[in-house]
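Asks: take this sequence and fold it.
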Amino acid sequence: MKSIYITIFLLLVAGVISAQPKALSTPEDQQLFNQYLSFIEPYKELPGDMLLEKTATFFLGKPYVAHTLEVTDEETLVVNLREFDCTTFVETVIALTNTARQEKPAFGLFLDELKKIRYREGQVQGYASRLHYTSDWVFENERKGLVENISRALGGVKEAKQIQFMSSHRDAYKQLKSDDKTLNEIISMENEINRREGFYYLPKAEIALKANSLPHMAMIGFTTSIKGLDVTHMGFSFRQDGRLTFIHASSAKNKVVIDEKTVSDYCAGQKTCSGILVAEIM
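Replies: As a prediction, the model looks like this:
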């Protein structure tokens, strides 16, 4: 038995057995990861925004699928490079870009990056540890040095409404319907968000005026007038032909697209859109 432990230790030291976080993925995901590494190799020395752009455009045309993380009863790090919702697209692009910057990028490093972005303190500790609200996602990832919230610097205003959409609509979330313990954890998380007394965003009337100041490939979250909710959709700002549009996993187009509308026009066309939250990727 002692010799078995010694063998395992030696394999770990040699890197044959990787200490990867517990995750759910498919062979196709790992194949796509390897294809991405081959694709991105010639671009690794590009500036950060251009590396993000190359990563995001690698997935153009991939299907939009809602609730891609809700596939297990127990909260698990879910990896899906085959299809995206708006949030998983943003998280995956950032995690892959950060992985590509490494001297020896590997699937295990990608899992670490994805977990760090998606979860509070970078740890999977139940459903409530996932960063469900975009304003909270930005706050936590700014603390980790992964993004910088520039909404206020752009001339944004403060939204101080109470965030409690999830707890107020527990029946819309399978994890909350009949689980009071998880519901109470979500309520505690919402209370923590509300103790920050709001978040800054750029009002919809200001977006066109400030468009030239928005960085290429910043994360943009479309803020909402819906009670208890901060953001309804997210993607990356994208400069194309002198216009500020955005690249995102679109439920309307059912795939990842560079939108034909400008950010300003898109927000203006959404009845509940109040503006945008903007975070530059570091």
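
Asks: hey, let's count contacts and neighbours off CA atoms from now on
Replies: Noted.

Asks: OK, contacts around Gly235?
Replies: 86-87, 89-90, 219-221, 246-249 (C-alpha atoms under 8 Å, 6 or more residues apart in numbering).

Asks: tell me how far Glu142 lies from Glu148.
Replies: Glu142 is 5 Å from Glu148, where distance means C-alpha to C-alpha, to the nearest Å.

Asks: quick one: low-confidence parts of the stretch 1-150 of the chain?
Replies: 1-21 (pLDDT under 70).

Asks: does the nearest residue to Cys86 once chain neighbours are set aside fall in a helix, a strand, or a coil region?
Replies: Leaving out its chain neighbours, the residue that sits closest to Cys86 by C-alpha to C-alpha, 6 or more residues apart in numbering is Ala249, at 4.8 Å. With DSSP: H, G, I helix; E, B strand; the rest coil as the basis, Ala249 sits in strand.

Asks: so Ala249 makes contact with Val256?
Replies: Yes - contact criterion C-alpha atoms under 8 Å: Ala249 and Val256 qualify, at 4.1 Å.

Asks: these two: which has the busier surroundings?
Replies: Neighbour tally, Ala249 and Val256, criterion other C-alpha atoms under 10 Å: the higher count belongs to Ala249, 32 against 26.

Asks: show me what contacts the more buried one?
Replies: 63-64, 84-86, 89, 235, 255-257.

Asks: 7 Å instead?
Replies: Residues in contact with Ala249 (C-alpha atoms under 7 Å, 6 or more residues apart in numbering) are 64, 84-86, 89, 255-257.

Asks: which one (most neighbours) among those?
Replies: When neighbours are taken as other C-alpha under 10 Å, the top entry among the contacts of Ala249 is Phe84 (28 neighbours).
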